[in-house]
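[1] I'll drop the sequence and a predicted model, then ask my questions.
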Amino acid sequence: MIEQIKKSLQKSNYDFLRTNEHLKDKIMFITLGGSYAYGTNVEGSDIDIRGCALHRKSDLIGMSHFEQVIDIPTDTVIYAFNKLISLLLNCNPNCIELLGCKKEHYFYVSPEGKQLLENNKLFLSQRAIHSFGGYADAQLRRLQNALARDSYPQSEKEKHILNSLKSAMHSFDQRYQHFKEGSIQLYIDASQKENLENEIYMDIHLKHYPLRDYKGLWAEMHNIVKDYAKLNGRNNKKDDAHLNKHAMHLIRLYLMCIDILEKQEINTYREKEHDLLMDIRNGKYQKEDGTFQSEFFEMVDVYQNKMEQAIKHTTLPQKPNDKEVEELVMSINEKVIKNDYR
């Protein structure tokens, strides 16, 4: 299959890789993303192409600007070098995984790309706890939300929504101005609406709080509540496939984060856990009514505990060494300025 993908990259629908002014002679590496990168692909899985490209001289010292090239028909995203660096510094899961793909999954690597890939450990830090943990929480929330929508009475659904909201609020300090504990209180009480037995209420006591931050946290809470209503008119076959995929990615994210914290390794292709992940994706742990067996949630607890232990004992720094990363970035961008690359 990998050889077929290589050949497909030479077809006309990928010509933009060779003709786009930001890419044609600037690509640092091209690799796989998504299920093929993880080894969890099934028949009909999309082929996601990911990569990184050098800047042009005008991007660095002129007035041009370049962040990424996205080609929707081919599911391709090629990041600009500086843009990718900023995402790597925060240990963004969708980007950090690009530095730990299976060797044969790199279809092209330039000398500058090799330099970046060989220095992948520069970007590993305890920020992975929040980035991977946040993504894992989101997957778990999607799973719980969908199950609550489909299987539980209204009053029980309201409890799940409240738990999801409270879980999201734990991470607000990372993105918004801090507010004192108790400034925003969420709780369930009897509803005055005819179609609801009870519902979530909130008490808010904020002073001199930035409007834009409030808009952001309110939007996140709004999206969580809205997400519960998305699957009205459920298509069981399609939705079950999505639920199983969410369940699989939840475990995969824990596995990757544990590797980063314990081993300081980026292992995108999950060869050792392939059978387990495919069992989850193929519905082994889902019951006929669409809910999941208790064994699955016990598995989630096991990996959550493993990650918590890895957090306690990790030797990773709190954040990347900015000076070392800057030296890497300067050494690569300097070649562009001097027209001395490749």
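    Received the coordinates, thanks.
[2] lowest-pLDDT helix or strand in this structure?
    Lowest by mean pLDDT, DSSP states H and E among the helices and strands of the chain is helix 172-175, with a mean of 70.
[3] What mean pLDDT does the helix or strand following it get?
    Proceeding N to C from helix 172-175, the next assigned helix or strand is strand 184-190, under DSSP states H and E. Rounded to a whole number, the mean pLDDT of strand 184-190 is 93.
[4] Give me the pLDDT value at the closest residue to residue 54 other than its chain neighbours.
    Distances taken as C-beta to C-beta, 6 or more residues apart in numbering put residue 26 closest to residue 54, at 4.2 Å, once the chain neighbours are dropped. Quick note: C-beta positions are derived from backbone N, CA and C, even for glycine. The model reports residue 26 with a pLDDT of 95.
[5] Isn't residue 201 up against residue 190?
    No: using C-beta atoms under 8 Å, residue 201 is not in contact with residue 190; the gap is 9.6 Å.
[6] Which one's more surrounded, those two?
    residue 201 (13 against 9; other C-beta atoms under 10 Å).
[7] How about the contacts made by that one?
    186, 187, 188, 189 (C-beta atoms under 8 Å, 6 or more residues apart in numbering).
[8] Quick check: beta-bridge partners of the last one?
    Applying DSSP bridges to residue 189 gives these bridge partners: residue 199.
[9] buried subset of the contacts of residue 201?
    For the contacts of residue 201, a neighbour count by 16 or more other C-beta atoms under 10 Å gives the buried set as residue 186.
[10] Show me the two of the contacts of residue 201 that sit farthest apart.
    In the contacts of residue 201, two members sit farther apart than any others by C-beta to C-beta. They are 186 and 189, at 10.7 Å.
[11] just so I have it, where are all the strands in this structure?
    27-33, 48-53, 68-71, 76-80, 106-109, 184-190, 198-204 (DSSP state E).
[12] how about TSV for those, with distance to residue 314 added?
    As requested, the strands of the chain are arranged in TSV below (distance: least, C-beta to C-beta, whole Å):
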stretch	distance to residue 314
strand 27-33	26
strand 48-53	27
strand 68-71	31
strand 76-80	27
strand 106-109	28
strand 184-190	31
strand 198-204	36
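[13] which helix of this structure spans the most residues?
    The longest helix of the chain (DSSP state H) is helix 236-263.
[14] That helix: how far from the chain's middle?
    Using C-alpha atoms, centre = their mean, to the nearest Å, the distance from the centre of helix 236-263 to the centre of the chain it belongs to is 11 Å.
[15] what do you get for stretch 56-63?
    30 Å.
[16] One more: stretch 125-137?
    That offset, for stretch 125-137, works out to 9 Å (C-alpha atoms, centre = their mean).
[17] Next, the buried residues of that stretch.
    Neighbour-count burial for stretch 125-137, with 16+ other C-beta under 10 Å as criterion, is recorded at 125, 126, 127, 128, 129, 131, 132, 133, 134, 135, 136, 137.
[18] Which of the residues you listed sits closest to residue 240?
    residue 136 (20.8 Å).
[19] Now do the closest one against residue 250, distance only.
    Residue 136 is 6 Å from residue 250, where distance means C-beta to C-beta, to the nearest Å.
[20] Then residue 16?
    On the measure of C-beta to C-beta, residue 16 and residue 250 end up 34 Å apart.
[21] Compare the two (neighbour count), which wins?
    In terms of neighbours (other C-beta under 10 Å), residue 250 is the more surrounded of residue 16 and residue 250; the figures are 25 against 17.
[22] surely the more buried one meets residue 143?
    Yes: using C-beta under 8 Å, residue 250 and residue 143 qualify as a contacting pair, with a distance of 6.7 Å.
[23] Can you list the residue ranges for helices in the stretch 1-150 of the chain?
    Under the criterion DSSP state H, counting those that start in this stretch, the stretch 1-150 of the chain carries helices at the ranges 2-8, 16-19, 34-38, 57-61, 81-89, 93-96, 111-118, 127-151.
[24] now those as TSV including mean pLDDT and distance to residue 268?
    Written out in TSV, the entries for the helices of the stretch 1-150 of the chain read as follows (pLDDT from 0 to 100; distance: least, C-beta to C-beta, whole Å):
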stretch	mean pLDDT	distance to residue 268
helix 2-8	91	14
helix 16-19	96	21
helix 34-38	96	5
helix 57-61	92	28
helix 81-89	96	14
helix 93-96	96	9
helix 111-118	97	12
helix 127-151	79	13
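[25] Which of the ones you listed sits closest to residue 323?
    Checking those against residue 323 by C-beta to C-beta gives helix 81-89 as the closest, at 12.5 Å.
[26] List the buried residues in that closest one.
    When neighbours are counted by 16+ other C-beta under 10 Å, the buried residues of helix 81-89 are found to be 81, 82, 83, 84, 85, 87, 88, 89.
[27] try stretch 193-207
    Residues of stretch 193-207 classed as buried under the neighbour-count rule (16+ other C-beta under 10 Å) are 199, 200.
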